[in-house]
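# Could you work out the structure for the sequence below:
(chains A and B)
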Amino acid sequence: MRIALVGQPNSGKSTLFNALVGLRAVASNFPGTTVEILRGRTFVAGKPAEIVDLPGIYSLHAQDPAERVAREFLLHEKVDLIINVVDSSVLLRSLSLTLELAELGIPMVVVLNMADEAEHKGLRIEKEKLAEILGVPVVFTVASRGIGLKELLSAIPAARVPKTPSYSPMLEEALTELVPIAQKDQRYAHLPGRTAAVFFLAEGEDLPEAVHRKLLFGTDRSGAMILADERAALAARIFREVARVERTKPSLREHLDDVLMHPVLGYPFLILALFLLFFLTFKVGGALEGLLLPPLEELSEKVRELLGGGVFPQALAGALDGLFAGIAIALPYLLPFYLFLALLEDVGYLPRLGFLLDGFMHRLGLHGKSVVPFVLGYGCSVPAVLATRILEDERDRLITAALAVMIPCAARTVVIFGLVGRFLGPLVALGLYLLNILVVALAATILARVFPATGPGLIMEIPPYRWPAPRATLGKTWLRLREFVKVAWPILMVSSFVLALVEALGWQPYLNAAARIFTWPLGLPAQAGVPLIFGVLRKELALLLLAQAMGNENFAAVLSPGQMITFTVFTIFYVPCLATVAVLLRELGKRRTILVILGTTGLALLLGLLVRLLSFAF
Amino acid sequence: MNINSGAIPLSQLPPGEAGQVYAVLGPGRGVQLRLLSLGLRPGATVRVLGRGPGHGPLLVEVNGTRVALGRGVAHRVLVIPSQKKG
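Residues are numbered from 1 along each chain as shown, chains lettered A, B, ... in the order given. All right, here's what the predicted structure looks like:
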């Protein structure tokens, strides 16, 4: 049996998924962080069941890619049962989606989640009445505390196909006339007649002349809007039937926004929050690295001795070194970064961040939602690019993705602090971060000129502050780390293997000679060629290899300060690493990915040359 | 008596005041549907809670849901300001 969890963003869908199948999903208090489909297994009434967590959607007919993922799944995959997760405290607006799902003709259970919050708001919901109206079981839950899960599991066998919502006579007549037309349409041919007609009306651009005249009386409104309006009106009627608002008194947490989203006072808190995020990441990350690095280095020495000489054993030892680097170098910083970020996310602060920075982003030709991919980019570019799916507009997605890959991720942070920070001081390293923000802002302004804004701007729900559910927060951190490990470790190992092979065969001079086309103009020593070439695979490799290639970890002895900065600036901006290129290909397509690669590399060369010129001047 | 409908863009409604949504203007089925699904539909009562600095977005509340709206979007939502009490 396959069960799909469907609900609006912030309805606690992913928390429920975690509670049902264990620590394996991303839950979040930001619209659309579950951008991919998550699956898990569990037992329902003694039988194995697959639970699928779909991205949060406001409507089946809306436009952003995360929503399209959910729509495609429900229309084209075999789904035996839908669990419609509803945030009880915003029942009114959630019912529209419930009605959309009811048209699919799939057995359903409605979960009124966050029942405690509805109660706080003074909202009394009669679930029996709702169950009667919809014709499906309805249960109350508080998924973050595990309340109501048992009732949910025992309600599943009682799931029914919901009653079909019925609309005004005009609309009903139009739907009936549309059935044969919709069933001839490739997209909906496999659906039951009425469902096909509803989707045709909601998504189709052109209505047949006769239907158009009858339904719209010659007005310029679209059939989709009429349907959406009637559905919303029906939802409002159902709401009045089943719910009573007893009192509304603003709670403390609503007053929190008077400060945290205040046009002046909001900013000190924003800076504090970001400062804490990075400060704690460095503190905890540094401690973890110090703990992990020495024993692994020792182990690596032993392995080398054990394997002895020869091309292949040395290459094998190289691959192992790659794995050790993956464990001890980037991971210690990624772990606390993702953990603290997940906390900020689950508390509900990220949408506030988007709100506060919307004005600034607007000036760059983007809007507040793009802030999230940028912040994620400081961890790793891969989830940052994936997070652009929360943007509705394709042009916004392209620009945000192209810029997010230029944000120094954990791997590039290793280079910045291991080279510039260590030998030229942390202030210079910090200066590089500021320079980076400046360059990204400048690039954004230029891109906005080339691709004028087409989207409507910011439309973003600001969910209430919530205590994070530890399980969901840890689950999300774990999932993001696992993505990194899955993608990065194999690449690190293979590239270290290849590199050790190149070394054992003595091929570096050829590669260095080829790399002269960019090391020469940048004024870098020829030996920097191999590190920069392999840095495309994993950026932290650039620094590790530089130490090997120069035969010296004390870079101050072999590189001038100008060369160090040039090398670092070039490493920050040039070609995103292999894993990022892979995900760019998937999200943007071949042509645009090539443009991003060429653009960032050109920019890296330009900036490197600028730094070189400046270092002559001083 | 004034026969003006009194409708103004939501972006001009001062913080703390409420109004009734009268129409959502302009192109873009996506925008209209997205606003609709957040509860911003003709007839709904919307209250402006605050606004970001400079050209920043509006924070509004509708049916107990808080929504951030960019200025461009807020310009396109017409509201009839509610009568002030007292």
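# how much space is there between residue A:322 and residue A:369?
Taking CB to CB, to the nearest Å as the measure, residue A:322 falls 36 Å from residue A:369. C-beta coordinates here come from the backbone N, C-alpha and C atoms, glycine included.
# cool, and residue A:40?
Applying CB to CB to residue A:40 and residue A:369 gives a distance of 28 Å.
# out of the two, which sits in the busier spot?
Remark: of residue A:40 and residue A:369, residue A:369 carries more neighbours, 33 against 17, as counted by other CB atoms under 10 Å in any protein chain shown.
# I'd guess the more buried one is in a helix, am I close?
Yes. Membership of residue A:369 in a helix is supported by DSSP: H, G, I helix; E, B strand; the rest coil.
# Please name the residues that touch whichever residue of the stretch 501-618 of chain A sits closest to chain B.
With CB to the nearest CB as the measure, residue A:587 is the residue of the stretch 501-618 of chain A nearest to chain B, at 19.5 Å. Neighbour list for residue A:587: A:385, A:386, A:388, A:389, A:397, A:401 [criterion: CB atoms under 8 Å, 6 or more residues apart in numbering or on different chains].
# Farthest-apart pair in those, please.
Taking CB to CB as the measure, those span a maximum distance of 10.9 Å, between A:386 and A:397.
# any idea which helix or strand carries the closest residue to residue A:174 other than its chain neighbours?
In this structure, residue A:174 finds its nearest non-sequential neighbour in residue A:215, 4.3 Å apart by CB to CB, 6 or more residues apart in numbering or on different chains. Per DSSP states H and E, residue A:215 falls inside helix A:209-216.
# Just to check, residue A:471 is in contact with residue A:20?
No. Shown here, residue A:471 and residue A:20 do not form a contact pair, counting by CB atoms under 8 Å, at 11.3 Å.
# And those two? Which one has more around it.
A count of neighbours by other CB under 10 Å puts residue A:20 above the other of residue A:471 and residue A:20, at 22 against 18.
# Next one, pLDDT for the more buried one please.
At residue A:20, the model reports a pLDDT of 86.
# Tell me who's in contact with it.
Contacts for residue A:20 (CB under 8 Å, 6+ apart) come out as A:40, A:42, A:51, A:149.
# what do you get for residue A:60?
So residue A:60 contacts A:67, A:70, A:71, A:74, A:97, A:100, A:101, A:202 (CB under 8 Å, 6+ apart).
# Of all pairs in those residues, which one is the farthest apart?
For the contacts of residue A:60, and using CB to CB, no pair is farther apart than A:70 and A:202, which are 14.7 Å apart.
# Where in chain B is the helix or strand with the lowest mean pLDDT?
helix B:29-37 (a mean of 81; mean pLDDT, DSSP states H and E).
# List the neighbouring strands of the helix or strand following that one plus their orientation.
Once helix B:29-37 ends, the next helix or strand along the chain (criterion: DSSP H and E) is strand B:45-51. On the basis of DSSP bridges, the sheet neighbours of strand B:45-51 come out as strand B:18-24 (antiparallel), strand B:58-62 (antiparallel).
# tell me the average confidence for strand B:45-51?
Per-residue scores along strand B:45-51 average to 92.
# now do stretch A:291-298
86.
# so where is chain B shaky, pLDDT-wise?
B:1-3, B:26-29, B:84-86 (pLDDT under 70).
# give me the residue from it nearest chain A.
Residue nearest to chain A within chain B: residue B:70 (3.0 Å; CB to the nearest CB).
# Quick check: phi and psi at that residue.
Dihedral angles of residue B:70 (phi, psi; degrees, to the nearest 10) stand at phi -60, psi 160.
# Contact partners for the closest residue to it other than its chain neighbours?
Spatial nearest neighbour of residue B:70, excluding adjacent residues (CB to CB, 6+ apart): residue A:457 at 3.0 Å. Residue A:457 makes contacts with A:362, A:367, B:57, B:69, B:70, B:71, B:72, B:73, as judged by CB under 8 Å, 6+ apart.
# Which secondary structure state does residue A:457 sit in?
The three-state assignment at residue A:457 reads coil, by three-state DSSP.
# The lengthiest helix in chain A packs against which elements?
If you go by DSSP state H, chain A has its longest helix at helix A:266-307. Here helix A:266-307 touches helix A:252-260, helix A:311-325, helix A:331-347, helix A:349-363, going by 3 or more CB pairs under 8 Å, 6 or more residues apart in numbering or on different chains; DSSP states H and E.
# Among these, which comes closest to residue A:106?
Closest among the helices and strands packed on helix A:266-307, using CB to CB: helix A:331-347, at 30.3 Å.
# Rounded mean pLDDT for that closest one, please.
On average, helix A:331-347 scores 89.
# From the chain's centroid, how far away is that helix?
13 Å (CA atoms, centre = their mean, to the nearest Å).
# next one: stretch A:170-190
36 Å.
# pull the helix or strand with minimum mean pLDDT from chain A.
Least confident helix or strand, chain A: helix A:209-216 with a mean of 71, by mean pLDDT, DSSP H and E.
# Can you show me the CA trace of that one as CSV?
Extracted in CSV, the C-alpha atoms of helix A:209-216 (Å, rounded to 0.1, in the frame of the first residue of the first chain):
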residue,chain,number,x,y,z
GLU,A,209,-16.6,28.5,-27.4
ALA,A,210,-19.9,27.1,-26.2
VAL,A,211,-18.6,26.3,-22.7
HIS,A,212,-16.9,29.6,-22.5
ARG,A,213,-20.1,31.5,-23.3
LYS,A,214,-22.3,29.6,-20.9
LEU,A,215,-19.9,29.7,-18.0
LEU,A,216,-18.4,33.1,-18.3
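# circling back to that earlier point, need the worst-confidence member of the contacts of residue A:60.
Scoring the contacts of residue A:60 by pLDDT puts residue A:67 last, at 79.
# Kindly report the residues of the stretch 151-300 of chain A close to chain B.
When proximity is defined by CB under 8 Å from any CB of the partner chain, the stretch 151-300 of chain A lies next to chain B at A:222, A:224-225, A:228-229, A:232, A:248, A:257-258, A:261-264.
# What I need now is those written out in CSV, including secondary structure for each item.
Putting those into CSV (three-state DSSP) gives the following:
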residue, secondary structure
A:222, coil
A:224, helix
A:225, helix
A:228, helix
A:229, helix
A:232, helix
A:248, coil
A:257, helix
A:258, helix
A:261, coil
A:262, coil
A:263, coil
A:264, coil
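# Of all those, the one with the weakest confidence?
Ranked by pLDDT, those bottom out at residue A:248 (63).
# Now do the helix holding residue A:215: which elements does it pack against?
Contacts defined by 3+ CB pairs under 8 Å, 6+ apart place helix A:209-216 against helix A:169-184, helix A:223-242.
# Count the residues that sit near residue A:396.
By the other CB under 10 Å criterion, the neighbourhood of residue A:396 contains 22 residues.
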